[in-house]
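Q: Need a 3D model of the sequence below.
(one chain, ligands or ions: 1)
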Amino acid sequence: MEAMEIDPETNSTGKDEGKPIMVLLVGAPGSGKSIFCDTVMRLSTRPWVRICQDTIGNGKAGTKNQCLTGAASALREGKSVFIDRCNLDREQRADFVKLVGPEVEKHAVALDLPAKLCISRSVKRTGHEGNLQGGKAAAVVNRMLQKKELPKLNEGYARITVCQDEKDVQAAINTYTALGPSDKLPPGFFGQKNSDAKVQLGIMKFLKKKEPPGCSDTVMNVSPENIRSHASKEKDSNQVLESCEEPKKGSVDSSISLENAPTLAFPSISTADFHFDLDKASDIIVEKVEEYVNKLGTARLVLVDLSQNSKILSLVRAKAAEKNIDSKKFFTFVGNITKLYSEGGLHCNVIANATNWRLKPGGGGVNAAIFSAAGPALETATKARAGSLSAGKAVVVPLPSASPLFSREGVTHVIHVLGPNMNPQRPNCLNNDYVKGCEILRETYSSLFDGFKSIVRNQGEPSKDNLEKEFKGEVQLEQGCRNGEQKAKREAVCEADMNKKYKSFAEELGPNVGSSGDGNTGGQRRKAWGGWAQALYDTAMHPERHKNLIEISDDVVVLNDLYPKAQKHLLVLARVEGLDRLADVQKEHVTLLKKMHSVGLKWAEKFLSENNSLIFRLGYHSVPSMRQLHLHVISQDFDSNHLKNKKHWNSFNSPFFRDSVDVIDEVSQNGKATLKDENILSMELRCHRCQSAHPNIPRLKAHISSCQAAFPAFLLQNGRLVRVEGKDANH
Ligand code: AMP
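A: I've put the predicted structure just below:
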């Protein structure tokens, strides 16, 4: 494949350069929309136009059509536009979204401030452009708020920001103010710690405790949007996750670790197609969840249904509330079980499939949906584990990474279950024998949760022995195919599959990571790669799905680091499956390491030709935060707002950063690179040039902005620093 080069400056092919943005402000009168626009426009370097319905008729109130025309003409001129009108419901917003095509980025900023605040501001203000002020304002604002419908991504926005208090508003103002003419903001749903009032009430009811709005980060039968806000925090939480600072107790960030907890999403078994009584089924679900939820540690169970009005979800919620089941570990979720992450932002590494006895695609409902979303890989993997399934049983199937459910949704296992059938139109009908039916349904949930428990246990215990033990545990759950030879064959297939799966799913520091920081002392540890940590893997495996890549070849993909820690910061990704991090690298990878180095060097040299004062280092983090081997190419100015904490600094300026040249030497000689563990990241902050110590990042940054001392001797050797020959030669 020919290498495709893209301008790294603009992060684009040129087509996207300076793409105008249309921001729909969403908010009641008094929510601060006009002040928002005015502040950004006063301070921003991007050309903005404010389209305000209150003034569009020659300084007087105009029509929506005038706003549409005004917006279209400003956008045509390449300007970015604020649509400053209430836009409180989807219908009001739709015409603006339809107005322009992909040549314009569409954003929504919802100023979702408390109704009381908006009303009191509207009542008190004077000289309002639209003359909505004084006593009449209260009733108008109140009426408008009844129609409030927060924007959703599926309306067509690339980015939505929801502000729920003044601090959020200020943060959004800062974000848009900082946006230069050719900058682009990351897409996604940001903000909204508490969802809208109706949902929040539901959560309160379920929790049976009173928490002031905004304090709760518990999600209980929430809409995908609500979860999405957590997810976007999680996705955007590279900083949070990389941060050394302890998240504040009770703050939203404290839930992030749970977001990464192993999670099983399961549909209600037997209640749809098999016509099982809903009341009885909900009793059993809650009974079994209660039995298992504490056995599962931090792992979560999520009952999923497509419909917002699902009877089974509401029965289960009510009964779970009565039993005070921990809502962080068990909750219900409305969404498509095959799109929980991509559409709902909910990370579930395991999903349950209510299947048929033949373990075959087809039928309707969840079985058809899961087999179809997973592609043929699931059918093949299922066949390798079992030929059939009897009622009450489960079979755990590791999902091959070729499956879109794996790559898109982060699902690593599907657990097929077969529940009792009360539908005369389906095989093995129990003819309303609920004694037997309830017994089988209990057994079904036990098998399902045992299967999930075995997966969770494996994630915590990495040794091969355990994988084997675990595999055998799973086999006991299977029905059919029990004769010795077949079993042995299956074990072999599955062990290989499990090992492959865990390799790609878990982060393993490997035996060459020393707890002392000296390397090679043996401690092993695994932790799951969260969905947020898969982005580079997905980019390397499917570059066609990603924008803003600056080079693609058969061996590597090059992109700008999304959170650059210096003026120039690129990542060179290896395009080899199973090469998650430096600990996986072996002798056979030396050629690839050299290729990555030469590509990184080529880009560093390109940047040097444009700015000869830059100096580069190329290297790997001993323990990466993101899956897929990647080489950092980073300029040594460390001039970046993204460099925020000790961990960021020390990951590039301590022995934790392994220079590419040394890695190549070590792997060529010893078959592996020496790695340093993460403890080293808490060491004191020292200037990378003069080695002076500094108490905090701001002080360190102030120092390095002017330090011109020579680099330490070790960096001057073996080509570790890349710079223009003769430039700063004494340094
Ligand atoms: P490491 O600690 O070596 O895994 O570094 C991962 C790097 O990936 C960090 O420098 C992040 O800023 C960067 N990063 C995280 N997410 C993305 C992304 N989606 N695209 C590009 N870079 C990313």
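Q: rest of the way, CA atoms for contacts and neighbours
A: OK.
Q: all strands for the stretch 51-200 of the chain, in order.
A: 80-84, 105-111, 159-163, 188-191 (DSSP state E, counting those that start in this stretch).
Q: could you give the angle of the first one to strand 105-111?
A: Our comparison of strand 80-84 with strand 105-111, counting by axes from the mean of the first three to the mean of the last three CA atoms, to 10 degrees, yields an angle of 40 degrees.
Q: Run the chain-centre distance for strand 80-84.
A: 29 Å (CA atoms, centre = their mean, to the nearest Å).
Q: Please shift the residue numbers so they start at 494 in all later answers.
A: All set: I'll call the first residue 494, so the last point we hit is now strand 573-577.
Q: what's in contact with that strand?
A: Strand 573-577 is touched from outside by 513-519, 526-527, 530, 539-546, 560, 564, 567-568, with contacts defined as CA atoms under 8 Å, 6 or more residues apart in numbering.
Q: rewinding a little: which one of the strands of the stretch 544-693 of the chain lies nearest to the ligand?
A: Proximity to the ligand (CA to the nearest ligand atom) singles out strand 681-684 among the strands of the stretch 544-693 of the chain, at 12.1 Å.
Q: Averaged pLDDT, the closest one. What do you get?
A: Across strand 681-684, the average pLDDT comes to 80.
Q: Wondering if that strand reaches the ligand at all.
A: No. Using CA under 6 Å from any ligand atom, strand 681-684 stays clear of the ligand, coming no nearer than 12.1 Å.
Q: Residue 1197 touches residue 1180, doesn't it?
A: Yes. With contacts defined as CA atoms under 8 Å, residue 1197 counts as touching residue 1180 at a distance of 6.6 Å.
Q: Of the contacts of strand 573-577, which ones also sit close to the ligand?
A: When CA under 6 Å from any ligand atom is applied, no member of the contacts of strand 573-577 is adjacent to the ligand.
Q: List buried residues within those.
A: Buried by 16 or more other CA atoms under 10 Å: 513-519, 526-527, 530, 539, 541-546, 560, 564, 567-568, out of the contacts of strand 573-577.
Q: So what does residue 542 look like in phi/psi?
A: Main-chain dihedrals, residue 542, degrees, to the nearest 10: phi -130, psi 140.
Q: show me what contacts it?
A: 534, 567, 572, 573, 574, 575.
Q: Show me what from this protein comes close to the ligand.
A: Residues of the chain lying near the ligand by CA under 6 Å from any ligand atom: 1028, 1054, 1055, 1056, 1057, 1114, 1117, 1118, 1119.
Q: residues near the second one, how many?
A: Residue 1054 has 17 neighbours, counted by other CA atoms under 10 Å.
Q: per-residue confidence at it?
A: On the pLDDT scale, residue 1054 gets 95.
Q: Which residue comes closest to it once chain neighbours are left out?
A: residue 1063 (5.2 Å; CA to CA, 6 or more residues apart in numbering).
Q: any low-confidence regions in the chain?
A: Residues of the chain that meet the criterion pLDDT under 70 lie in 494-511, 619-630, 685-753, 838, 951-1024, 1219-1224.
Q: Distance-wise, check residue 514 relative to residue 529.
A: Separation of residue 514 from residue 529 (CA to CA, to the nearest Å): 16 Å.
Q: got the end-to-end distance for stretch 782-799?
A: For stretch 782-799, the first-to-last residue distance is 20 Å (CA to CA).
Q: list the buried ones in it?
A: Buried residues in stretch 782-799, defined by neighbour count with 16+ other CA under 10 Å: 782-783, 785-786, 789, 791-798.
Q: what about the longest helix in this protein?
A: Longest helix of the chain, by residue count under DSSP state H: helix 927-953.
Q: list the buried ones in it?
A: By 16+ other CA under 10 Å, the buried positions in helix 927-953 come out as 927, 930-931, 933-952.
Q: same for it, what does it pack against?
A: helix 771-786, strand 887-891, strand 906-910, helix 957-970, strand 1019-1021 (3 or more CA pairs under 8 Å, 6 or more residues apart in numbering; DSSP states H and E).
Q: Quick one: end-to-end distance for stretch 1061-1078.
A: Terminal residues of stretch 1061-1078 lie 26 Å apart, using CA to CA.
Q: and it, how far out from the chain's middle?
A: Relative to the chain's own centre, stretch 1061-1078 is displaced by 19 Å; criterion: CA atoms, centre = their mean.
Q: May I see the buried residues of that stretch?
A: 1061-1069, 1071-1078.
Q: got it, and stretch 804-822?
A: Within stretch 804-822, the residues scored as buried using 16+ other CA under 10 Å are 805-806, 808-814, 818-822.
Q: Give me the number of neighbouring residues for the residue nearest to residue 1074 when sequence neighbours are not counted.
A: The shortest distance from residue 1074 to any non-neighbouring residue, by CA to CA, 6+ apart, is to residue 1122 (4.4 Å). Neighbourhood size, residue 1122 [other CA under 10 Å]: 28.
Q: do residue 1156 as well
A: Residue 1156 has 23 nearby residues by other CA under 10 Å.
Q: doesn't it fall inside a strand?
A: No. Residue 1156 is assigned helix when assessed by DSSP: H, G, I helix; E, B strand; the rest coil, not a strand.
Q: Correct me if wrong: it contacts residue 1168.
A: No. The criterion here is CA under 8 Å, and residue 1156 misses it with residue 1168 at 9.5 Å.
Q: Chain neighbours aside, what residue packs nearest to residue 649?
A: Using CA to CA, 6+ apart and skipping residues adjacent in sequence, the residue nearest residue 649 is residue 590, 6.6 Å away.
Q: Repeat that for residue 557.
A: Using CA to CA, 6+ apart, the nearest residue to residue 557 is residue 546, at 6.8 Å.
Q: quick one: contacts for the one you found?
A: 554, 555, 556, 557, 559, 560, 577, 578.
Q: Sort out for me which of the buried residues of stretch 1061-1078 are in strands.
A: 1062, 1063, 1064, 1065, 1066, 1067 (DSSP state E).
Q: Neighbours of whichever residue of the stretch 744-893 of the chain sits closest to the ligand, how many?
A: Across the stretch 744-893 of the chain, no residue is closer to the ligand than residue 835, which sits at 14.8 Å (CA to the nearest ligand atom). Residues lying near residue 835 (other CA under 10 Å) number 16.
Q: Over to the one 10 residues further on?
A: Neighbours of residue 845 under the rule other CA under 10 Å: 29.
Q: Next, it: secondary structure please.
A: strand.
Q: Run through the bridge partners of it.
A: Here residue 845 sits in beta bridges with residue 908, as judged by DSSP bridges.
Q: which residues touch the residue nearest to residue 865 when sequence neighbours are not counted?
A: Residue nearest to residue 865 in three dimensions, not counting chain neighbours: residue 854, with 7.4 Å by CA to CA, 6+ apart. Residues in contact with residue 854 (CA under 8 Å, 6+ apart) are 860, 861, 864, 865, 872.
Q: how does it look with 7 Å?
A: Contact analysis of residue 854 by CA atoms under 7 Å, 6 or more residues apart in numbering lists 860, 861, 864.
Q: what does whichever helix or strand the last one is part of contact?
A: Secondary structure here is read from DSSP states H and E; on that basis residue 864 sits in helix 858-867. Helix 858-867 is contacted from outside by 831, 846, 847, 848, 854, 855, 871, 896, 897, 898, using CA under 7 Å, 6+ apart.
Q: picking up where we left off before, what's the distance between the residue nearest to residue 1054 and residue 1213?
A: 16 Å.
Q: Kindly report the same for residue 1043.
A: From residue 1043 to residue 1213 the distance is 24 Å (CA to CA).
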